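Student: The following comprises the amino acid sequence and a computationally predicted model.
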Amino acid sequence: MPDAALRLQSLVEQLVGAPLPVRVRAWDGSQAGPPGAPILVVRNRRAVRRLLWKPGELGLARGWVAGDLDIEGDLYACLDLMSGLVWERGDDARTLVQALRDPEFRAAARGLIALAGPPLPPAPPREEIRRPRRGLHTKRTDRRAISHHYDVGNDFYEIVLGPSMVYSCAYWPAPEADGATLEAAQRDKLELVSRKLALRPGQRLLDVGCGWGSMAIHAAREHGVRVVGITLSQEQAAYARKRVADQGLTDRIEIRVQDYRDVADGPYDAISSIGMAEHVGSERYLEYAEALFRLLKPGGRLLNHQIGRRPQRDESAYDIDEFIDAYVFPDGELAPIGTTVTLLERAGFEVRDVEAIREHYALTLRRWVANLEADWARAVRLTSPGRARVWRLYMAASAVAFERNRIGVNQVLAVRTPESGDSGMPLRSRTWN
């Protein structure tokens, strides 16, 4: 009688010291686990070998990307249930050493090795990026990381993002508002940024990490400003320039392939940085903040829209997420909002407003996942099965993380306040319900 699923369940529960919250279906057709729970499909023994050679998140991710693992049922519910075993446990070397001294643990590990078959480690999926961990966030390594993430193909991003082509969280109306579209919510986000920056006709705006040009086009068309948008992605720049030309805005918008460290034509009246600062890295963040401060005129405003993580008791123990680093954002780093505010202030800015909008990102990500799933076959043709699976897992897992307050996203409005102390800000900048 096929029993691989039951053996897997029993062995894994012995190893992790907790019950599996999901149902397992193995390659021999057997099933085990809580009835009615989402099903983790283990298609072959290779998936088990991946976990043995790389326990935890990266082993699971490799199995998912390669198609050795799948999920049936509610994807979000399964990821939420699994997070307690994977993302929230962490890797404690002392705990592992103690576990290896336990005869039952060692017996379970031997049983899993026997179930996995030949002991050779499977090769990582080709979608996994590999690079040295030295010299992070040089101009060259940043260009490579940005290319890995954004030069997937503009047609693919059109499927995921929809007509707005905005790759950052939208700004949604109240939950009870029916019929809210992703495009309208993204337009509202761009308008929110424009209002916070108090954009007026004739001003110069620098859009750092301009993506496919949506913020630049909105600011020029709706507020009459002149915009310089910079990106490190050749594909993004080409797409953005075509959109600018189609809108008849080439006299007001310039799109450059340029590093923020190389911009030297300030001063600007305002700077927007929307979903870009996550790529900067902790070693370079003060340099980033100081560069933007120098590029602003006195009284100019910066709107920094950035994903943040919860602070740790020991910040030196922070590790970059293995799956995200290997498959999605190479060298990307998240910082607590307090760290971000501190570094902006050290650079000379006066921070005037911080708005947390993490629930908005969860809603946005669920729409992106729905877009991808609705046009799955085409997305696979445009990239690869593995790449499409990377994006489905990354966006769904991120939605759960935002919903559970494991990560957040914040808009920080800062001013290069002149020596006179006149910030130019209204006495009441927000209305609370």
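Tutor: Good, I have the coordinates. Numbering: from 1, shown residues only.
Student: measure the residue lying closest to Gln247 once chain neighbours are set aside to Val412 for me?
Tutor: Excluding its sequence neighbours, the residue lying closest to Gln247 (Cβ to Cβ, 6 or more residues apart in numbering) is Ile217, at 5.7 Å. All C-beta atoms are positioned from the backbone trio N, CA, C, and that covers glycine. In this view, Ile217 and Val412 are 23 Å apart by Cβ to Cβ, to the nearest Å.
Student: if we can go back for a sec, quick one: the helix or strand hosting the residue nearest to Gln247 to chain centroid distance?
Tutor: Counting by DSSP states H and E, the element that carries Ile217 is helix 214-223. Distance, stretch centre to chain centre, for helix 214-223: 24 Å (Cα atoms, centre = their mean, to the nearest Å).
Student: do the same with stretch 59-68
Tutor: The mean C-alpha position of stretch 59-68 is separated from the chain mean by 19 Å, Cα atoms, centre = their mean.
Student: now what about it, what contacts it?
Tutor: Residues from elsewhere that reach stretch 59-68, judged by Cβ atoms under 8 Å, 6 or more residues apart in numbering: 42-44, 46-47, 50-54, 69-70, 86, 122, 124-125, 127-128, 322-323, 326-327, 385-386, 389-390, 393.
Student: Show me where the stretch 201-350 of the chain has its helices.
Tutor: All helices of the stretch 201-350 of the chain, identified by DSSP state H, counting those that start in this stretch, fall at 214-223, 234-246, 285-295, 322-323, 337-346.
Student: and Ala77, which of these is closest to it?
Tutor: Closest of these to Ala77 is helix 322-323, at 19.1 Å (criterion: Cβ to Cβ).
Student: Can you list the low-confidence ranges for the protein?
Tutor: When residues are selected by pLDDT under 70, those of the chain lie in 1, 86-106, 108-109, 131-137, 139-151, 175-178, 433.
Student: Strands of the stretch 1-150 of the chain, start to end?
Tutor: Along the stretch 1-150 of the chain, counting by DSSP state E, counting those that start in this stretch, strands occupy 23-25, 31-32, 39-42, 69-72.
Student: Looking at the ones you listed, which is nearest to Ser194?
Tutor: strand 69-72 (39.8 Å).
Student: Tell me the strands beside that closest one, with direction?
Tutor: Neighbouring strands of strand 69-72 in its sheet, by DSSP bridges, are strand 39-42 (antiparallel).
Student: and the partner strand, how far out from the chain's middle?
Tutor: Remark: strand 39-42 is offset 25 Å from the chain centroid, using Cα atoms, centre = their mean.
Student: which of the residues in it are buried?
Tutor: Residues 39-42 are the ones in strand 39-42 that count as buried (16 or more other Cβ atoms under 10 Å).
Student: Stretch 316-329 too?
Tutor: Under the neighbour-count criterion of 16+ other Cβ under 10 Å, stretch 316-329 has 320-329 buried.
Student: Settle this for me: Asp3 is touching Trp27, isn't it.
Tutor: No: counting by Cβ atoms under 8 Å, Trp27 is not a contact partner of Asp3; they are 11.9 Å apart.
Student: out of these two, which sits in the more crowded spot?
Tutor: The neighbour comparison of Asp3 against Trp27 (other Cβ atoms under 10 Å) goes to Trp27, with 18 against 12.
Student: count of neighbours near the closest residue to the more buried one other than its chain neighbours?
Tutor: Nearest-residue entry for Trp27: Asn44, 5.0 Å, with adjacent residues in sequence omitted and distances by Cβ to Cβ, 6+ apart. Asn44 has 16 neighbouring residues, counting by other Cβ under 10 Å.
Student: one step back: just the angle for the helix holding Ile217 relative to helix 234-246, thanks.
Tutor: 20 degrees (axes from the mean of the first three to the mean of the last three Cα atoms, to 10 degrees).
Student: I'd say Gly408 and Ala356 touch.
Tutor: Yes: counting by Cβ under 8 Å, Ala356 is a contact partner of Gly408 at 5.7 Å.
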